[in-house]
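Enquirer: For reference, the sequence and a predicted model appear below.
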Amino acid sequence: MKISSSIFLFFVLMLSACGVRMQTTELVDEWGTSYHSKVGKEFQDRDVYHDQTVDVWGIEKTDCKNFYRLDSLAYKGKSCLSLTWDKTGSCPWMGLGFGWNGYAAKDLTDVMQTGSIDFYVRAIKGKQFIPTFIFLLEDYAGVQTASLLKAKHLERYPIDEEWQKVSIPLSSFLNAPAPLSDFSNIKSLNIECQGSGALLLDEFYIGGASVSSVAGTKFGQTTTQNFPAILFADEFKYAWGLGKTEGRLVEVQSFEKYEGNSSLHLKWNEAESKKQLLELGMNWEHWQAIALPDSMSLYSLHFFAKQNASESLSKLELGFESYAGTNTFIKIKDTYYKTSSNKADWMEVTIPLTEFAFYEKNFDTTRFKQFLIRFKGSGELWLDNITLTRN
């Protein structure tokens, strides 16, 4: 049965006269997902490098390479990257890396099957055979997963003086040998350069990434709500610096512990480190930029240390770093610790966050990146239950 247009118009006018107003309603599916909310879940961290990007390391000149920004010949914008290298003899590891998005943790899990690393390449002069580039996705635990640049990733071959697009499927990283990186917690995209070559690179981005049917978490900014906020308790979820290197041992072990199943064992000798920076870093919100909900005067850093470690504690410097790159460090004073009331062979350490002089250092307390432990001299100790607490 059809309703004529005149009857429908009469019906609408009657509703208007009665004060009834018709509104548009957004349709949702059976999971409560609307079109707009689905678009909002689209992968965001696409831009890896362009000519204004500052989160790049490895741009330098050595005996083996000359990497710099070239203010001409760019594919797009004002500049591109010029890479000339020749890995021979005793040349060390050569390459560069992109932190992108201020080194905030990137969650790539929703795009690993459909996305790609896209960029543009050309030869500096003449023609170049395909370079030996090893692309590495590095997570915040220091694990790197590799994928090799291949001829099939190019638009044409060989590489000449005309710009062309390169596209490396992210799915190729999923087929790499174990252990795989944590693709929900990516720190940087690194490129290892083998052999020799002379190329221009420009405009790196994550391409081909479609909207996932499953909601993904966009890592960026968060505010810690639950206290004590755990930095270490039995395990390190979001930390780097574990393991044994020259002059340093950092391990989670169960032999000595204040409570729970394990503690953090630290042993170091700066003289044996061959001038390596001896540091340990940790985040407490999945490597997001962190804000605390109130004034810094309301919070303290709190942990336990083995009682016979007072001399070693004095060899540590504790600090925080923001995602703006600012850091602040302090030494541990004997006024910060006392004998634990539960275990006489352990000390309880409490340091008010105001001791770190955030405001004097122009530290952005809405974008905490990590808590840092820096080792000086030599020493050995055990730490447990490292937390941020309300006073």
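Expert: Done, it's in.

Enquirer: these two touch, right, Ser314 and Tyr337?
Expert: No. Applying Cβ atoms under 8 Å, one finds Ser314 not in contact with Tyr337, separated by 10.5 Å. Yep, even glycine has a C-beta here, placed from its N, CA and C like the rest.

Enquirer: Who has more neighbours out of these two?
Expert: Tyr337 (21 against 14; other Cβ atoms under 10 Å).

Enquirer: give me the beta-bridge partners of the more buried one?
Expert: Beta-bridge pairing for Tyr337 (DSSP bridges): Val349.

Enquirer: go on, Ile191?
Expert: Beta-bridge partners for Ile191, by DSSP bridges, are Leu96, Phe135.

Enquirer: what residues are up against it?
Expert: 95-97, 133-136 (Cβ atoms under 8 Å, 6 or more residues apart in numbering).

Enquirer: next one: Tyr120
Expert: Counted by Cβ under 8 Å, 6+ apart, Tyr120 has contacts 75-76, 163-166, 201-203.

Enquirer: What of Leu81?
Expert: Leu81 touches 49, 59, 67-70, 96, 200-202, counting by Cβ under 8 Å, 6+ apart.

Enquirer: try it again with 6 Å
Expert: Neighbour list for Leu81: Leu201 [criterion: Cβ atoms under 6 Å, 6 or more residues apart in numbering].

Enquirer: for Gln221, same thing?
Expert: Residues near Gln221 by Cβ under 6 Å, 6+ apart: Ala289.

Enquirer: Shouldn't Gln44 be within a strand?
Expert: No. Secondary structure of Gln44 (DSSP: H, G, I helix; E, B strand; the rest coil): coil, not part of a strand.

Enquirer: so what's it scoring on pLDDT?
Expert: We have a pLDDT of 74 for Gln44.

Enquirer: That one and Tyr323: what is the separation?
Expert: 16 Å (Cβ to Cβ, to the nearest Å).

Enquirer: and if you look at Leu249?
Expert: As judged by Cβ to Cβ, Leu249 and Tyr323 stand 29 Å apart.

Enquirer: can you give me the strands for the stretch 151-300 of the chain?
Expert: Using DSSP state E, counting those that start in this stretch, the strands of the stretch 151-300 of the chain run over residues 164-169, 186-194, 196-207, 221-223, 229-232, 239-240, 243-245, 248-253, 263-269, 279-282, 289-291, 299-306.

Enquirer: out of the contacts of Tyr120, what pair is the most spread apart?
Expert: Comparing all pairs in the contacts of Tyr120 by Cβ to Cβ, the longest separation belongs to Lys76 and Val166, at 14.4 Å.

Enquirer: Those two - which one has more neighbours?
Expert: For Lys76 versus Val166, the count of surrounding residues by other Cβ under 10 Å is larger for Val166: 20 against 12.

Enquirer: what bridges to Arg69?
Expert: Beta-bridge pairing for Arg69 (DSSP bridges): Leu81.

Enquirer: Looking at it now. What's its pLDDT?
Expert: Confidence score, pLDDT, at Arg69: 93.

Enquirer: going forward can the numbers begin at 55, since that is how I track them
Expert: Will do, 55 is the new start, and the previous item becomes Arg123.

Enquirer: measure Pro282 to Leu355 for me?
Expert: From Pro282 across to Leu355, the span is 10 Å (Cβ to Cβ).

Enquirer: quick one, which of the two is more surrounded?
Expert: For Pro282 and Leu355, the more surrounded residue by other Cβ under 10 Å is Leu355, and the numbers stand at 21 against 17.

Enquirer: Okay, buried residues for stretch 313-327 please.
Expert: By neighbour count on 16 or more other Cβ atoms under 10 Å, the buried set for stretch 313-327 is 316-324, 327.

Enquirer: Now distance to Ser136 too, for those residues, in CSV please.
Expert: Below are the buried residues of stretch 313-327 laid out as CSV (distance: Cβ to Cβ, whole Å):
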residue, distance to Ser136
Ser316, 49
Ser317, 49
Leu318, 44
His319, 46
Leu320, 43
Lys321, 44
Trp322, 40
Asn323, 41
Glu324, 38
Ser327, 34
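
Enquirer: closest to Leu162 among those?
Expert: Using Cβ to Cβ, the buried residues of stretch 313-327 come closest to Leu162 at Leu318, 29.2 Å.

Enquirer: Do you know the pLDDT at the closest one?
Expert: 93.

Enquirer: In this structure, where is pLDDT below threshold?
Expert: The chain contains residues with pLDDT under 70 at 55-97, 142-143, 263-274, 328-331, 361-364.

Enquirer: Domains of it: list them as residue ranges, please.
Expert: 101-261, 276-444 (automatic domain parsing).

Enquirer: hmm, who's touching stretch 317-332?
Expert: 286, 300-305, 307, 310-311, 429, 431-432, 434-438.

Enquirer: Show me which of the residues you listed are buried.
Expert: Buried among the contacts of stretch 317-332 (16+ other Cβ under 10 Å): 286, 301-302, 304, 310-311, 429, 434-438.

Enquirer: Tell me what Lys115 is bridged to.
Expert: Asn120.

Enquirer: ok, now how distant is it from Ile184?
Expert: In terms of Cβ to Cβ, Lys115 sits 24 Å off from Ile184.

Enquirer: Name the residue in these two with the higher neighbour count.
Expert: When Lys115 and Ile184 are compared on other Cβ under 10 Å, the one with more neighbours turns out to be Ile184, at 18 against 10.

Enquirer: Grab the nearest non-local neighbour of the more buried one.
Expert: Ala205 (5.4 Å; Cβ to Cβ, 6 or more residues apart in numbering).

Enquirer: how near is that neighbour to Ala177?
Expert: For Ala205, the distance to Ala177 - Cβ to Cβ - is 15 Å.

Enquirer: and if you look at Asn445?
Expert: For Asn445, the distance to Ala177 equals 61 Å [Cβ to Cβ].

Enquirer: still on that earlier bit, ok, which pair from the buried ones among the contacts of stretch 317-332 is furthest apart?
Expert: Gly301 and Lys311 (24.9 Å).

Enquirer: Among the contacts of Tyr174, name the buried ones.
Expert: Taking 16+ other Cβ under 10 Å as the criterion, what is buried in the contacts of Tyr174 is 129, 217, 220, 255-257.
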